[in-house]
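>>> what would the 3D arrangement of this be:
(one chain, ligands or ions: 3)
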Amino acid sequence: MQEHATRQDWTLEEVERLFDLPFNDLLFQAQTVHRRHWDANTVQVSTLLSIKTGACPEDCAYCPQSVRYDTGLKREPLMDVEEVVAAAERARAAGATRFCMGAAWRSPKDKELAKVADMIERVKALGLETCATLGMLNDHQVETLKAAGLDYYNHNLDTSEEFYGEIITTRTYQDRLDTLARVREAGLKVCCGGIVGMGEQRRDRAAMLCTLANLPEHPQSVPINQLVQVEGTPLAGREAPDALEFVRTIAVARILMPRSYVRLSAGRTEMSDAQQALCFLAGANSIFYGEKLLTTGNPDTDHDQQLFARLGMRFEAGTAETAESCG
Ligand code: SAM
Ligand code: DTB
Ligand code: SF4
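Ligands and ions are numbered 1, 2, ... in the order given. As a prediction, the model looks like this:
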């Protein structure tokens, strides 16, 4: 059906009309699109590790790792490669298929990047897909990551261009789009999404998803985070978003980007099992799994396993080849 073909020419008005649909109509449409492209009962599982924590010079108002806010977070320098490999082994044993390494940098220095490239090679050799989120990159840095075998680069737009300046003043939306273009043009898969619950309007959520869906290629992975409120950040104390509005955001992402993984990302600890089930019905097919995100909590793995059993859902099997199977 033409209306469900993959498109990159969405108008903001069209996207807002999707948001405005009656809830059941929106979820039915999202689930229909979802089933056309995906197994409806399978979820991809990624595990996060903060490889360099805190003391970030940027001023992202949501982030506990910014040097500008006193959140009581302990700073940690770039981890040793062996420690990262050990954490990746544990994630693989727990059932994760993708390992995401996050660093609190505005952009990496070349020496730091060389060490991250080692981490990527070693984690990939375990048979895991690799993802990194390290801030802004230049062409040369993107090439280094590509040569190390990186699969995905995460770099979020976070919100609409209009609202961006309310949340971050130390970089521009265009800076973000420039790094995304470098990553895409180097042939890396793009992981790019945003945050719901920062005080933005529905129009901002629609505009962010519209921007993502109109990129030259849809990001292969779209994380939708609910703001994790951390004491000491400027956004602590914001009103939590309406649970159903969060589900709507997932559903619209699924309809706009039918072939992308849509990840129900940060914020699951604050969500009921019923809300998470609605997110899967709306087309989410990826989660962060493991008891920590970067610096904040995530549901216990036991709880997640029980939730998946109750929903009759399963984890996606790994697709990356192990070093052994390559001979
Ligand atoms: N420094 C790099 C950057 O900003 O791209 C990489 C790490 S940064 C922590 C990665 C993403 O985490 C941010 O773009 C944001 O979307 C998300 N994030 C950070 N703090 C969050 C919070 N309190 N709640 C929800 N998402 C958050
Ligand atoms: C994404 O979109 N969410 C993840 C990952 N990409 C890097 C990070 C969530 C961080 C939540 C706050 C924290 O734990 O520090
Ligand atoms: Fe730094 Fe990334 Fe946190 Fe912004 S989101 S303060 S860039 S770690």
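>>> what's the helix or strand for residue 32?
Element membership for residue 32 (DSSP states H and E) is helix 23-37.
>>> now do the buried residues in that helix.
For helix 23-37, the neighbour count (16 or more other Cβ atoms under 10 Å) marks 26-27, 29-31, 33-34, 37 as buried. Quick note: C-beta positions are derived from backbone N, CA and C, even for glycine.
>>> swap in stretch 245-254?
Across stretch 245-254, burial judged by 16+ other Cβ under 10 Å covers 246-254.
>>> dump those to a markdown table, plus distance to ligand 2, pLDDT and secondary structure.
Shown next, in a markdown table, are these (distance: Cβ to the nearest ligand atom, whole Å; pLDDT from 0 to 100; DSSP: H, G, I helix; E, B strand; the rest coil):
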| residue | distance to ligand 2 | pLDDT | secondary structure |
| --- | --- | --- | --- |
| 246 | 14 | 98 | helix |
| 247 | 18 | 98 | helix |
| 248 | 18 | 98 | helix |
| 249 | 13 | 98 | helix |
| 250 | 13 | 98 | helix |
| 251 | 18 | 98 | helix |
| 252 | 17 | 98 | helix |
| 253 | 12 | 98 | helix |
| 254 | 16 | 98 | helix |
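>>> how close does the nearest residue to residue 195 once chain neighbours are set aside sit to ligand 2?
Closest residue in space to residue 195, ignoring its immediate chain neighbours: residue 225 at 4.6 Å, by Cβ to Cβ, 6 or more residues apart in numbering. Residue 225 is 5 Å from ligand 2, where distance means Cβ to the nearest ligand atom, to the nearest Å.
>>> residue 225 in helix, strand or coil?
With DSSP: H, G, I helix; E, B strand; the rest coil as the basis, residue 225 sits in strand.
>>> start the count at 5 instead of 1 going forward.
Let's use 5 as the start, then, which means that last one is residue 229.
>>> name the helices or strands packed onto the helix holding residue 36?
helix 16-24, helix 247-260, helix 277-285 (3 or more Cβ pairs under 8 Å, 6 or more residues apart in numbering; DSSP states H and E).
>>> tell me how far it is from the chain's mean position?
Distance of helix 27-41 from the chain centroid (Cα atoms, centre = their mean, to the nearest Å) equals 21 Å.
>>> go on, stretch 119-136?
18 Å.
>>> can you name the residues in contact with that stretch?
50, 55, 82, 85, 88-89, 92-93, 95-96, 100-107, 112, 138, 148-149, 151-158, 195, 225, 322-327, 329 (Cβ atoms under 8 Å, 6 or more residues apart in numbering).
>>> end-to-end on that stretch?
Its start and end residues considered, stretch 119-136 measures 13 Å (Cα to Cα, to the nearest Å).
>>> cool, stretch 150-160 as well?
OK, stretch 150-160 end separation, Cα to Cα: 19 Å.
>>> give me the mean pLDDT for it.
Computed over stretch 150-160, the mean pLDDT rounds to 97.
>>> can you list the low-confidence ranges for the stretch 5-154 of the chain?
5-9 (pLDDT under 70).
>>> quick check: residues of it near ligand 3?
60, 62, 64, 67, 69-70, 108, 110, 139 (Cβ under 6 Å from any ligand atom).
>>> 5 Å - rerun?
By Cβ under 5 Å from any ligand atom, the residues of the stretch 5-154 of the chain that approach ligand 3 are 60, 62, 64, 67, 69-70, 108.
>>> pull the most distant pair out of these.
Spatial extent of those (Cβ to Cβ) is set by the pair 64 and 108 at 10.0 Å.
>>> tally of neighbours for the residue lying closest to residue 67 once chain neighbours are set aside?
Counting by Cβ to Cβ, 6+ apart, residue 67 lies nearest to residue 237, which is 6.6 Å off, once chain neighbours are set aside. By the criterion of other Cβ atoms under 10 Å, residue 237 has 22 neighbours.
>>> if I read this right, residue 237 contacts residue 76, doesn't it?
No - in this structure, residue 237 is not within contact of residue 76 by Cβ atoms under 8 Å, at 11.2 Å.
>>> cool, thanks, signing off.
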